[in-house]
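Engineer: Okay, sequence plus prediction incoming.
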Amino acid sequence: MDLDGGNKRVFNRLGGPSGAAAAATDAGKHQRVCTFWKSGKCNRFPCPFLHRELPAPTPATANGSGGGKRFADDRGFSGPAARRGPNFNAHNNSWGRVGANKVVRKTEKVCNYWMQGSCNYGDKCKFLHSWSLGEGFSLLTQLEGHQKVVSGIALPLGSDKLYTGSNDETVRIWDSASGQCTAVVNLGGEVGCIISEGPWLFVGMPNFVKAWNTQTNADLSLSGPVGQVYALVVGNDLLIAGTQDGTILAWKFNVATNCFEPAASLKGHTLAVVSLVVGGNRLYSGSMDHSIRVWSLETLQCLQTLTEHTSVVMSLLCWEQFLLSCSLDQTIKVWVATESGYLEVTYTHNEEHGLLTLCGTPDFEGKPVLLCSCNDNSVRLYDLPSFSERGKIFAKQEIRAIEAGPGGLFFTGDGTGQVRVWKWSAEPATAS
C-alpha cells in the first residue's frame, strides 16, 4: 500500500474525447445514446449510437468555477463565507442539474452467497460479485483486525502509518507500505472518533480525549467531556469536541507547559453532538436534536441554528462556499450564505436510505467527488455539484468511517471492523 504514489491526470470520465474532439467524433454518429450500452450489454463495435451520456446544457455555477475546483485533500473544502457580493445569487447554481445522468448500470445488489463465499452460479449469477460498481476507482487491499465497527481513520502528517479506531476499544496502527498491522493499542473504552492534526492524533473516548504526538510520543488525556466523545475537529488553534451530553468543549495548546488547557464550553444543543466541521471562521455542529448550530470561532458565540433536518444530523462537510449536511432523514442539504450572512438551503438531495457519513475527495483528474455512506451498507459516489452518480461501494455492514488520503487513496471502515483501501485511477479508454 503506497500512500505516497502520484497520478497523471489524463483521462476522460465519459470514456471518449472531450470538447471539440468529442464534437467531431459525434458528428458521424446518431445523436442518441445506445440503450444497450446504458444497460451494460452492448456488444457492437463500432456501435452507431453514443456510448456516453449526451452533455447537459452548461448551467451557470454559484461562484463561476462550478465543480472543477481541485482540493489538495479533505481540508481543501472551504467554509461558507459570511457575506456575498451584490451580484451573488445563491440559487443560480448547478446543484443537482444533471443528477439523472447516472453512470452506474447493471444490477445493483451484491450476491449474499458470494459475500459468504458460497455462490455456485459464478459468472452466471445475476447479482454482483464485487464490492464496488462504477469505473475510475478500485479496491487495493483489505485490512483485517478490528472486531467491531470502525469509528475513525486518520493519517497524521509526516507519518508513514495509518491509524484506525474502533468500538472494540482499540486503535490499530498499520504500516503504509506493507498494509500490515504493526501495533494494537488497547484503550479500555469505545473509540467514538479519531482525527489527526499535524503530528497529533486525537481519539474521542468516554469522558475524555486521548492525545498522542506521533513524533515525540507525548501521551495526554484531556478531561472534561461527559459521556462519549463522538466528534473532534481543529480550528483557530483550538481542539474542539462534540460530546454525548450535547456540550461542545474546546482546548488550546500551551507551548510553555506542553499541554492542552480548557478554553471554552459551548452549550445549546439538547442532545449529543455527533458531527463537527470548521469552515472559514465558523464552527458547524450537528446533533441528535436534529439541528445544526453555527458558531463564531472568534467569539465562540452561536450565530444561527438550522432546523431543516427532521432527524439526526450525522455528518457535515464544507466545500467551496457551501456547507453540506446529511441526516438519517434520508437527505443531503446544501447550504449557502445569503446577503444577510445567514445560511439557507439552496439544494436538497434525496436518498432512499438514511445517511451516515460524508467525505470529499478529488478523483484521478482532480475533480471533486462526494462520498456518502447510507444505512443500507453502501457508499454512493457523486460528482459535485451535479450529484451525477459515479458509482457505489458495498459492505457487509454499515460504513461509518471514510477518509481521503494522498496519492488518490481513500479509506472506508465498516461495522464488521474491516478497513478497505481504495484508489482512484484512469477509466479505461473507449476502443478505437
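Structural biologist: Alright, I've got the coordinates.
Engineer: what residues are up against H309?
Structural biologist: Listed by Cβ atoms under 8 Å, 6 or more residues apart in numbering, the contact partners of H309 are H290, S291, I292, S325, S327, D329, T331, K333. Just so you know, the C-beta spots here come from the backbone N, C-alpha and C atoms, and that holds for glycine as well.
Engineer: Let me know the secondary structure of it.
Structural biologist: Here H309 takes the coil state, with states given by DSSP: H, G, I helix; E, B strand; the rest coil.
Engineer: cool, and G286?
Structural biologist: strand.
Engineer: ok, what's across the strand from it?
Structural biologist: Residues in a beta bridge with G286, per DSSP bridges, are S275, I292.
Engineer: didn't G235 look like it was pressed against S285?
Structural biologist: No - with contact defined as Cβ atoms under 8 Å, G235 does not count as touching S285 (11.5 Å).
Engineer: separation between the residue lying closest to C111 once chain neighbours are set aside and Q116?
Structural biologist: Excluding its sequence neighbours, the residue lying closest to C111 (Cβ to Cβ, 6 or more residues apart in numbering) is F127, at 3.7 Å. Going from F127 to Q116 by Cβ to Cβ, to the nearest Å gives 13 Å.
Engineer: what sits in contact with each of the two?
Structural biologist: What both F127 and Q116 touch, as defined by Cβ under 8 Å, 6+ apart, is an empty set.
Engineer: And these two? Which one has more around it.
Structural biologist: Using other Cβ atoms under 10 Å as the criterion, F127 and Q116 rank with F127 on top: 17 against 9.
Engineer: rewinding a little: next up, the contacts around the residue nearest to C111.
Structural biologist: T107, K109, V110, C111, N112, W114.
Engineer: Just grab the bridge partners of the residue nearest to G134 when sequence neighbours are not counted for me.
Structural biologist: Distance criterion Cβ to Cβ, 6+ apart; nearest residue to G134, sequence neighbours excluded, is G391 at 2.0 Å. Applying DSSP bridges to G391 gives these bridge partners: G134, L381.
Engineer: related to what we said a few turns ago, counting neighbours, go ahead and name the busier of G235 and S285.
Structural biologist: The neighbour comparison of G235 against S285 (other Cβ under 10 Å) goes to S285, with 27 against 20.
Engineer: what pLDDT does that one get?
Structural biologist: As predicted, S285 sits at a pLDDT of 98.
Engineer: Test my guess that it contacts A250.
Structural biologist: No - S285 lies out of contact with A250 (Cβ under 8 Å); the separation is 11.6 Å.
Engineer: Can you check which residues contact both of these two?
Structural biologist: Jointly contacting S285 and A250 under the rule Cβ under 8 Å, 6+ apart are L266.
Engineer: ok, back up a step: in the contacts of F127, which residue is surrounded by the most others?
Structural biologist: With neighbours taken as other Cβ under 10 Å, the top of the contacts of F127 is V110, carrying 21 neighbours.
Engineer: Just want the most central residue of this structure.
Structural biologist: C359 (1.0 Å; Cα atoms, centre = their mean).
Engineer: ok, and the closest non-adjacent residue to that one?
Structural biologist: I402 (3.9 Å).
Engineer: need the contact list for the one you found.
Structural biologist: With contacts defined as Cβ under 8 Å, 6+ apart, the neighbours of I402 are I153, T357, L358, C359, L371, S373, V379, F410, F411, T412, G413.
Engineer: just these now: which is nearest W424?
Structural biologist: Sorting the contacts of I402 by distance to W424 puts F410 at the head of the list, at 7.7 Å, by Cβ to Cβ.
Engineer: circling back to that earlier point, JSON lines for the contacts of H309, including pLDDT?
Structural biologist: Shown next, in JSON lines, are the contacts of H309 (pLDDT from 0 to 100):
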{"residue": "H290", "pLDDT": "98"}
{"residue": "S291", "pLDDT": "98"}
{"residue": "I292", "pLDDT": "98"}
{"residue": "S325", "pLDDT": "98"}
{"residue": "S327", "pLDDT": "98"}
{"residue": "D329", "pLDDT": "98"}
{"residue": "T331", "pLDDT": "98"}
{"residue": "K333", "pLDDT": "98"}
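Engineer: That's all I had, so thanks and see you.
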